[in-house]
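In: my questions are about this predicted structure, shown below with the sequence.
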Amino acid sequence: MFDCSVNPAVESGMEAHNKTPVVLLSCGSFNPITNMHLRMFELARDHLEGSGQYTVVKGIISPVGDSYKKKGLIEATHRLEMARLATESSDWITVNSWEIDQPQWLETVKVLRHHSEELRAVGKKGDEVDLDKYGKKRRVSRSRLSSSPQLQRVVPQVMMLCGADVLESFGIPNLWKPEDIVEIVGRYGVVCITRSGNNIHKFIYQTDVLWKLCRKIHVVHEWVTNDISATHVRRALRRGQSVKYLVPDPVLSYVQEHNLYSSESENKNADVVLAPLQINSGASLS
Ligand SMILES: Nc1ncnc2c1ncn2[C@@H]1O[C@H](COP(=O)(O)OP(=O)(O)OP(=O)(O)O)[C@@H](O)[C@H]1O
Ligand SMILES: NC(=O)c1ccc[n+]([C@@H]2O[C@H](COP(=O)(O)O)[C@@H](O)[C@H]2O)c1
């Protein structure tokens, strides 16, 4: 699974007719969205499609709700709008507000389930399956779905897209439920982008459950190390420093227009326990 760069199917120019369609779902604070968040999607798509086994039909950014209670998390409406502005120039990355619209913080596995069920429901109805890379819906009739084995598998597989820090956070006691980890990795699969400061291969090797499921973890090595983080962007902004070229220009304009990110906003939730830590107790990952 810790694959190399050359893929025999691609090398020989072999056309795979039975590629699995994939929707990449990234959950996170996006506080604010940065260029690296967008790059993650491009890197993941290149990697999966380069394997010759997948075709990536859509990317979904799902900002976390305010009830996540992470320190410095500004209002969801702003984070959502910035993500919308950032993805305006993309023909395949979208932003979804379902998670934000929920009354409480939701485990990531529930967000994966929701999007997976939604795609399945659309596929079953046989009307519109969002297969087109360019955001256009392709109509697939019910009769065609049942008569063609290839089209029967047309409902895309949702995969979680994350950076190595999030995958490594699986090891933090009480942050993730062990059964959620098994479902996220085993049922959906993960595409994980390497991040400086994280040794993801070692972490997978040292974690029994991840090692067992390692075929479902696609590690994408980002050779052009890019350590942009939202933390760094917020720090620069509250110090009055430039963040141009770290975030898309429309995001920067929005931040300036609404005067976002100050010492006060960074102190939000300072004394509050993160929602998953409040909810979970007991079992940790072995
Ligand atoms: N430079 C990066 N390289 C790889 N993955 C990244 C990078 N920046 C963010 N990500 C990933 O993007 C997703 C959303 O991240 P999140 O909103 O937490 O951003 P962040 O920059 O890590 O935020 P913060 O600095 O506030 O913790 C996560 O899966 C995270 O691992
Ligand atoms: N148990 C869980 O499902 C769990 C735990 C911690 C974080 N998360 C999610 O991971 C993402 C992490 O975002 P941050 O890196 O910004 O904290 C968020 O979308 C959050 O909801 C999920």
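Out: The structure has been received and is ready for your questions. Ligands and ions are numbered 1, 2, ... in the order given.

In: now what about stretch 231-246, what contacts it?
Out: 31-32, 34-35, 72, 228, 247, 252, 255, 260-263, 265-266 (C-beta atoms under 8 Å, 6 or more residues apart in numbering). To be clear about C-beta, it is placed using only N, CA and C from the backbone, and glycine gets the same treatment.

In: please flag which of the residues you listed sit within strands.
Out: If you go by DSSP state E, the contacts of stretch 231-246 have nothing in strands.

In: quick one: least confident of the residues you listed?
Out: In terms of pLDDT, residue 228 ranks lowest among the contacts of stretch 231-246, with 93.

In: got the contact list for the closest residue to ligand 1 within the stretch 1-150 of the chain?
Out: In the stretch 1-150 of the chain, the residue that lies nearest ligand 1 is residue 28 (2.5 Å; C-beta to the nearest ligand atom). By C-beta under 8 Å, 6+ apart, residue 28 lies in contact with 37, 61-64, 162, 166.

In: filter the contacts of stretch 231-246 to the buried ones?
Out: Neighbour-count burial (16 or more other C-beta atoms under 10 Å) applied to the contacts of stretch 231-246 gives 31-32, 34-35, 72, 228, 247, 252, 255, 260-261, 265-266.

In: a markdown table for these, including distance to ligand 2?
Out: Shown next, in a markdown table, are the buried ones among the contacts of stretch 231-246 (distance: C-beta to the nearest ligand atom, whole Å):
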| residue | distance to ligand 2 |
| --- | --- |
| 31 | 7 |
| 32 | 11 |
| 34 | 12 |
| 35 | 16 |
| 72 | 10 |
| 228 | 14 |
| 247 | 16 |
| 252 | 20 |
| 255 | 17 |
| 260 | 16 |
| 261 | 15 |
| 265 | 15 |
| 266 | 14 |
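
In: from those, which land in helices?
Out: 35, 252, 255, 265-266 (DSSP state H).

In: can you give me the buried ones in the lengthiest helix in the chain?
Out: Longest helix in the chain by number of residues, with DSSP H as the criterion: helix 108-125. Using 16+ other C-beta under 10 Å as the test for burial, helix 108-125 gives 108-109, 111-116, 119, 122-123.
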